[in-house]
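Q: using only what follows, build the 3D model:
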Amino acid sequence: MATAKSTSATSEDDTAADTAEFTVAPRRTVHIDGKDFGPGQTVSLDPTEGEYLRARGFFTEDDGTVAVSASGPAVNQEDGVRKDEA
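A: Model (predicted):
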């Protein structure tokens, strides 16, 4: 489970500009400010924190896919099993 602290400014205008919405990926739970968010739920978070967690597979991409940066075999329906070249 990932833990993130959300940061927000004091004025409502600043808060809207300082956060972005992210959707929790399947089979993941994110713990933010004492509250758990499960798969499919949307959370508002600092964009830098959200992108950090997205790169690690905790949030979906805009198209609904999950990007996970890991070495080892990768599997998808189109290509089957392949070895990452990273």
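
Q: when you work out contacts or count neighbours from here on, use the C-alpha atoms and nothing else.
A: Noted.

Q: okay, strands next: where are they in the protein?
A: When assigned using DSSP state E, the strands of the chain occupy the ranges 2-4, 20-23, 30-32, 35-37, 42-45, 73-76, 80-83.

Q: quick check: can you name the pairing partners of the fifth one and their directions?
A: Within its sheet, and counting by DSSP bridges, strand 42-45 is paired with strand 20-23 (antiparallel).

Q: buried sites along the partner strand?
A: With burial defined by 16 or more other CA atoms under 10 Å, the residues of strand 20-23 counted as buried are 20, 22, 23.

Q: any idea of the pLDDT on the first one?
A: Spelled out, it's residue 20. According to the predicted model, the pLDDT of residue 20 comes to 94.

Q: pretty sure it contacts residue 51?
A: No. Here residue 20 does not reach residue 51: they are 9.6 Å apart, not a contact under CA atoms under 8 Å.

Q: can I get the buried residues of strand 20-23 in JSON lines with distance to residue 37?
A: As requested, those are arranged in JSON lines below (distance: CA to CA, whole Å):
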{"residue": "20", "distance to residue 37": "15"}
{"residue": "22", "distance to residue 37": "11"}
{"residue": "23", "distance to residue 37": "9"}
